[in-house]
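Undergrad: Provided below for reference: sequence and predicted model.
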Amino acid sequence: MQFPLQLTFKVTTLSNDFVATDANGNTVAYVRQKMLRLLEEVQVFSNENRSELNYTIRANRWLDFNSTYTFTNRMGYEVGRIVRKGWASLWKAHYEIFDEKQQSDLIIREENPWAKVFDNMLGEIPLLGVLSGYLFHPAYIVTRPNGTEVVRLTKQPSFWGRKFTVDKLSSFEAGEEERIVLGLMMMILLERQRG
């Protein structure tokens with residue numbers, strides 16, 4: 001993939017969908033969250049026509065504080081998973097990404113939780129709420145356990161708060177790109193639900 005990636009949420013659909021495009025404007029994924037399901041499920045297609053399903057992301061539990069979301073490729077093999085660290089995420093979002101061998105591989109942390117707080121507070125004020133998408137921009141950093149920064153996801157200024165950018169900060173190790181992109185896709189859906 002050619003970074004930076006752009007994640008743009010659709011505002012004209014009832015489901016929670018977004019398109020991921022690369023630096024050249026090519027679609028690399030169309031992500032669709034299935035609505036009204038007891039166990040959360042997200043499908044990652046190769047394009048907006050939804051002609052080819054590349055990945056499925058499924059929760060292991062219903063309405064759990066520490067749910068695990070497993071990444072499965074089109075052949076049915078697990079390629080990794082993301083776990084939301086419940087209590088640690090109350091104030092500042094904290095997720096861990098595991099590889100296919102169930103080894104902790106990467107960490108996602110919110111860089112400045114105050115940006116999300118002010119974004120939510122301003123969003124609740126009539127008339128001023130429309131400006132929140134332009135003023136506050138939460139960012140999330142993906143690091144290896146040794147502290148090496150690999151990727152940053154940043155909310156971009158937009159009227160509906162629907163655009164995000166994924167910037168590559170260092171080279172990927174084997175399998176990291178796939179797990180990071182899938183993990184960020186699931187994380188951003190969860191964080192948008194939280195506000």
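TA: Nice, I can see it.
Undergrad: poorly predicted segments of the chain, please.
TA: 12-14, 38, 62-65, 86-91, 113-136, 159-161, 193-195 (pLDDT under 70).
Undergrad: which parts of it are strands?
TA: 5-9, 16-21, 27-33, 41-45, 53-59, 68-73, 78-84, 94-98, 104-110, 139-143, 149-155, 163-168 (DSSP state E).
Undergrad: may I see the buried residues of the longest helix seen in the chain?
TA: Determined from DSSP state H, the single longest helix within the chain is helix 176-194. Judged by neighbour count using 16 or more other Cβ atoms under 10 Å, the buried positions of helix 176-194 are 176-192. Glycine gets a C-beta too; all of them are placed from N, C-alpha and C.
Undergrad: want to throw the strands of the chain into JSON lines with mean neighbour count?
TA: Compiled in JSON lines, these are given as follows (neighbours: other Cβ atoms under 10 Å):
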{"stretch": "strand 5-9", "mean neighbour count": "19"}
{"stretch": "strand 16-21", "mean neighbour count": "19"}
{"stretch": "strand 27-33", "mean neighbour count": "20"}
{"stretch": "strand 41-45", "mean neighbour count": "19"}
{"stretch": "strand 53-59", "mean neighbour count": "18"}
{"stretch": "strand 68-73", "mean neighbour count": "20"}
{"stretch": "strand 78-84", "mean neighbour count": "21"}
{"stretch": "strand 94-98", "mean neighbour count": "21"}
{"stretch": "strand 104-110", "mean neighbour count": "19"}
{"stretch": "strand 139-143", "mean neighbour count": "20"}
{"stretch": "strand 149-155", "mean neighbour count": "20"}
{"stretch": "strand 163-168", "mean neighbour count": "18"}
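Undergrad: and the contacts of stretch 20-35?
TA: The list of residues contacting stretch 20-35 from outside it, by Cβ atoms under 8 Å, 6 or more residues apart in numbering, reads 1-8, 14-19, 40-48, 50, 54, 181, 185, 189.
Undergrad: equivalent analysis for stretch 39-49, please.
TA: In contact with stretch 39-49 (Cβ under 8 Å, 6+ apart) are residues 19, 27, 29-34, 50-62, 67, 69, 182, 185-186, 189.
Undergrad: hmm, try it at 6 Å
TA: Applying Cβ atoms under 6 Å, 6 or more residues apart in numbering, the external contacts of stretch 39-49 come out as 27, 29-34, 52-59, 62.
Undergrad: quick one, what contacts residue 73?
TA: 55, 79.
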